[in-house]
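[1] Okay, here's the prediction I keep looking at, along with the sequence it came from:
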Amino acid sequence: MNHAAILATRLTRQRLTQPSKLAPADVAAHLCAIQAQDFAGAKWSLGQRCYGLTDAGAEQLLAEKKLIRISSLRGTLHLMHPKDVRWITALVTPRIKLQAASLWKKLGVDDAILSKALHHIDDALKNNEALTRAELKSILDKRHIDTTDHRMNQFLTFAGLQQVVCCGPRRGKEFTYVLLRDWLPDDIAPMPKHPLTELAIRYLESHSPATAEDFSWWSGFPVTACRRAFEDAGITERFVFGEKTYFLPNGETASKPDGKVRLLSGFDEYYISYADRSLVAENVPPGILSPPNGILPYLVVSKGKIVGTWRREIGKKSVEMVYIPFGKTAIGEERLSTAAKTYGKFMGLPAQWAL
């Protein structure tokens, strides 16, 4: 495969070429997980992959417990199909905990403190209670548990990784936390016999072509373990491009490039789920995708490559959008207009580019 074919095939495997008519939860399962610390962006990431899904509909999926938002891969919030929450999270948690050891030491957090914090969080959320971060922080403060600096972030992250809590219904604009066991049965899906191998298969089915380094970044496991997982999965389809070896599900064929303009959230799986992002970001000016605050801008993609960023202002009656191109890349007003209409339809409001 050449450069264009790699990007076109990824777009197809990620369900960005053509929205799927599968249930949205099944589309999320196809991707394994959708990064979701930017909740609005995560809903849009799912929405543009699903035929007919709206922003309100995506929110309803969480209220109906058809999707779970929880700390999982890389210790980051993700949208996940209920059947994948427990086994994937259980698989990746020991690695994340190992990687967090130096931060824990710096913060003075150890297993005993973490266990105590999680016990109080669990107790506070009994009887189907739903509490905000601020309310849980207040409870821990009253129990003389230090929540300053990044400690509260660590407590909530690991409450998710330990499968104590997940995100619950929003209270106005505030997010709440609930007990995972109240939202998801313990026995909904057993751990696969070879979980990392299963995860490797699932990753390639939804993200290929990809390297072992890409899977390592996404899963958090060492590159050697990821290569072995590909081997154990019987993956034989591979090719070399730019001195890197790319893997595909057996029988995979290359997709043809298209000229469609796609408006992605900053943390969309098409960008964030690969260690090497140079294939899609080769023309992006320095610093754009590594902002000091860590919040990635929303991305405009044409022919599989990032050609600019976009932002939107959502009003009561319409969405006003701004396109910030890189260089002189011409993508055409008609294609931009079509992309805006697609986003507006998702939001349930007319959308247009500001002059």
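    Perfect, thanks for sending it.
[2] Quick check: closest non-adjacent residue to Ala351.
    Excluding the flanking residues, the one nearest Ala351 by Cβ to Cβ, 6 or more residues apart in numbering is Gly344, at 3.0 Å. Any C-beta I mention is one placed from the backbone N, CA and C, and that applies to glycine too.
[3] Near the one you found, how many residues? Count them for me, please.
    By other Cβ atoms under 10 Å, 17 other residues sit near Gly344.
[4] Report pLDDT for it.
    Here the pLDDT value assigned to Gly344 is 97.
[5] wait, it sits on Trp353?
    No. Under the criterion of Cβ atoms under 8 Å, Gly344 makes no contact with Trp353, lying 10.8 Å away.
[6] Quick one: residues contacting Asp123.
    Listed by Cβ atoms under 8 Å, 6 or more residues apart in numbering, the contact set of Asp123 is empty.
[7] Apply 10 Å and report the result again.
    Contact analysis of Asp123 by Cβ atoms under 10 Å, 6 or more residues apart in numbering lists 129, 139, 143.
[8] part of a helix, is it?
    Yes. Asp123 sits within a helix when classified using DSSP: H, G, I helix; E, B strand; the rest coil.
[9] Check the gap between it and Leu131 for me.
    Distance of Asp123 to Leu131, computed by Cβ to Cβ, to the nearest Å: 11 Å.
[10] on that earlier part again, how far is the helix or strand where the residue nearest to Ala351 lies from where the chain is centred?
    Counting by DSSP states H and E, the element that carries Gly344 is helix 333-347. Mean C-alpha position of helix 333-347 versus that of the full chain (Cα atoms, centre = their mean, to the nearest Å) differs by 23 Å.
[11] which parts of the next helix or strand along the chain from it are buried?
    Using DSSP H and E, the helix or strand that follows helix 333-347 towards the C-terminus is strand 351-353. Neighbour-count burial for strand 351-353 flags Ala351 (criterion: 16 or more other Cβ atoms under 10 Å).
[12] hmm, back to that, and for Asp123 and Leu131, which residues touch both?
    Each of Ile139 lies in contact with both Asp123 and Leu131 under the rule Cβ under 10 Å, 6+ apart.
[13] Now do the domain split for the protein, please.
    3-183, 195-248, 261-353 (automatic domain parsing).
[14] will you turn those domains into CSV that also has distance to Ala254?
    Formatted as CSV, the domains of the chain follow (distance: least, Cβ to Cβ, whole Å):
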stretch, distance to Ala254
domain 3-183, 4
domain 195-248, 9
domain 261-353, 12
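[15] Out of the ones you listed, which is closest to Ser255?
    For the domains of the chain, the distance to Ser255 is smallest for domain 3-183, at 4.1 Å, taking Cβ to Cβ.
[16] hmm, back to that, out of the domains of the chain, which gets the lowest mean score?
    Comparing mean pLDDT over the domains of the chain, the weakest stretch is domain 261-353, at a mean of 93.
[17] now it, how far from the centre of its chain.
    In this view, domain 261-353 has its centroid 16 Å away from the chain centroid, taken as Cα atoms, centre = their mean.
[18] Next one: Leu114 relative to Trp104, how far apart?
    8 Å.
[19] more crowded one of those two?
    The neighbour comparison of Leu114 against Trp104 (other Cβ under 10 Å) goes to Leu114, with 20 against 17.
[20] residues contacting that one?
    Leu114 is in contact with 97, 100, 104, 145, 151, 154-155, 158-159, 162, counting by Cβ under 10 Å, 6+ apart.
[21] And the helices in the stretch 201-350 of the chain?
    Secondary structure of the stretch 201-350 of the chain (DSSP state H, counting those that start in this stretch): helices at 212-219, 223-232, 269-272, 278-281, 333-347.
[22] Also the stretch 1-150 of the chain?
    3-13, 24-31, 39-47, 55-63, 82-99, 101-107, 111-124, 133-142.
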